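Colleague: Below is the sequence, then the predicted model.
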Amino acid sequence: MAVQVASGQIIAIRLHYARAKRSLDIVFTLLFSIPLCITMAIVAVAIRLDSPGPVFFRQKRVGQNGAEFYMLKFRSLYAKSDDSIHREAIERYMRGESIGEGAAALPYKRSDDPRITRVSRFLRKTSLDEIPQFINVYGLPSS
């Protein structure tokens, strides 16, 4: 199997490597599924109590060999919030300006985004909003 990257370079991936990687993805996801389900339930309840709207955020992404799939994350913004703040920040970042504020802030991550819910500040800091991506491993071409 071969994969073409954005620069046009073709990278060869051995079939046994791809199968082993897929098998390990599934085995480790199954191993951690019970603690993850408990954590996901707690986070889902916290999100529902914090703000109205869906628990999950779903976005179309492009995976291996150009296959499209939907990526899941816990929703971290208020439902139906205005995206103009994000668009302005991305324009500044593309001009080479820093989006983050303060010495410890990341240059590409806004630290004071008013669209982020209270619970989601903690979820983003601990990366718990990424847990639903394990669901993608079961049948979606994300890995």
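Modeller: Looks like it arrived, so ask away. Residues are numbered from 1 along each chain as shown.
Colleague: and for the helix or strand residue 119 falls within, what are the contacting residues?
Modeller: Taking DSSP states H and E as the definition, residue 119 sits inside helix 118-126. For helix 118-126, contacts defined as Cβ atoms under 8 Å, 6 or more residues apart in numbering pick out 43, 46-47, 49-51, 74-77, 116, 128-129. Using the backbone N, CA and C atoms, a C-beta is placed for each residue, glycine as well.
Colleague: So which of those residues is the closest to residue 32?
Modeller: Sorting the contacts of helix 118-126 by distance to residue 32 puts residue 128 at the head of the list, at 13.5 Å, by Cβ to Cβ.
Colleague: How much space separates that closest one from residue 80?
Modeller: 23 Å (Cβ to Cβ, to the nearest Å).
Colleague: what do you get for residue 130?
Modeller: 23 Å.
Colleague: Show me which residues of stretch 25-44 are buried.
Modeller: If you call a residue buried by 16 or more other Cβ atoms under 10 Å, then stretch 25-44 has these buried ones: 25, 29, 40, 43.
Colleague: Check those for the minimum pLDDT and say which it is.
Modeller: Taken together, those show their lowest pLDDT at residue 29, with 79.
Colleague: I appreciate the help and will end here.
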